[in-house]
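>>> dropping the sequence and predicted coords here.
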Amino acid sequence: MTTLAKLGFAQSYTYFTWKNSKAELVEYMQQLVAWSQFYRPNAFANTPDILHEYLQHGGPPAFRARLVLAATLSPSYGIYSGYESFENEPVRAGSEEYLDSEKFEARPRSLDGPLLPLVAALNRARRAEPALQVVDNIRWLETENDALVAYAKDDVVCVVNIDPHSPQAGACVIPVALGYPPAFNARELITGDTFTWRAGRNYVELPPGGSHVLKVTV
């Protein structure tokens, strides 16, 4: 993929689909940032070929978490049709292939799945916020809990609970070096709610698969 990117095929598939733990995400994104001068990553939450076990067993919270991660980590992302309706039945136990894949049959779609409002809200945020349109501005943030993945991208802070089964809590640490005010408003780009955050430790509690996508304002 890197060789193709250097030859001019710059936008490319990534292995994001298989990076589901905090450590895996941090390591892989560091690799993508290192390639960012010639490689534009496309983070697919799933594909016609890949239904990861995280989605098979995590239910709707897993779909929400992976959607937010894909949409905020990478300037380009994608979901395979049916994702918006939480389709997650494999062809057999242990397989990553869908039971009813459109590789083999035509399937009419109504596009009215329950996840579409979150997709629309994330896409509005991506269009409005330049920080979400690049990949190499990511700063990983300490959460004191490996189930909470947190990162800053310029003036946007994201926190995602990657545990699809349980609520998780932790302290999202905002380093002074980010240059935010000592205390600032954090406006939720998905819901419009506003919180007061500060440099240092900020308590965060999220439901299974829940997230914050926060715009830093004075």
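Right, received. Where do you want to start?
>>> residue contacts, Ser36?
134-136 (Cβ atoms under 8 Å, 6 or more residues apart in numbering). No exception for glycine: its C-beta is placed from N, CA and C like everyone else's.
>>> try 6 Å this time
Contacts for Ser36 (Cβ atoms under 6 Å, 6 or more residues apart in numbering) come out as 135-136.
>>> what's the offset of the helix ranked longest in the chain from the middle of its chain?
For the chain, the longest helix by residue count, based on DSSP state H, is helix 53-73. Centroid displacement of helix 53-73 relative to its chain, using Cα atoms, centre = their mean, to the nearest Å, is 8 Å.
>>> cool, stretch 51-68 as well?
11 Å.
>>> for the helix or strand of the chain with the lowest mean pLDDT, buried residues please.
Each helix and strand of the chain was given a mean pLDDT (mean pLDDT, DSSP states H and E); the minimum falls on strand 11-13 at a mean of 90. By neighbour count on 16 or more other Cβ atoms under 10 Å, the buried set for strand 11-13 is empty.
>>> ok, residues contacting the helix or strand just after it?
Next along the chain after strand 11-13, taking DSSP states H and E as the criterion, comes helix 22-34. Contacts of helix 22-34 with the rest of the structure, by Cβ under 6 Å, 6+ apart, involve 19, 41, 135-136, 140, 146, 149.
>>> what's the closest of these to Asp49?
Within the contacts of helix 22-34, distances to Asp49 taken as Cβ to Cβ reach their minimum at Lys19, with 16.4 Å.
>>> ok, for that closest one, nearest residue in space, not its chain neighbours?
Closest residue to Lys19 apart from its sequence neighbours, by Cβ to Cβ, 6 or more residues apart in numbering: Tyr28 at 4.6 Å.
>>> ditto for Arg126
Leu132 (4.8 Å).
>>> how much space between that neighbour and Thr217?
The gap separating Leu132 from Thr217 is 16 Å, by Cβ to Cβ, to the nearest Å.
>>> between these two, which has more neighbouring residues?
More neighbours surround Leu132 than the other of Leu132 and Thr217, with 23 against 12 (other Cβ atoms under 10 Å).
>>> thought Leu122 was touching that one, still the case?
No - counting by Cβ atoms under 6 Å, Leu132 stays clear of Leu122, with 8.8 Å between them.
>>> quick one, what contacts the residue nearest to the spatial centre of the chain?
What sits nearest the mean C-alpha location of the chain, by Cα atoms, centre = their mean, is Leu69, with 0.5 Å. Counting by Cβ under 6 Å, 6+ apart, Leu69 touches Val160.
>>> local confidence estimate at it?
In this model, Leu69 is scored at 98, pLDDT.
>>> measure it to Gly210 for me?
Counting by Cβ to Cβ - Leu69 and Gly210 are separated by 12 Å.
>>> A strand includes Val173, no?
Yes - counting by DSSP: H, G, I helix; E, B strand; the rest coil, Val173 is found in a strand.
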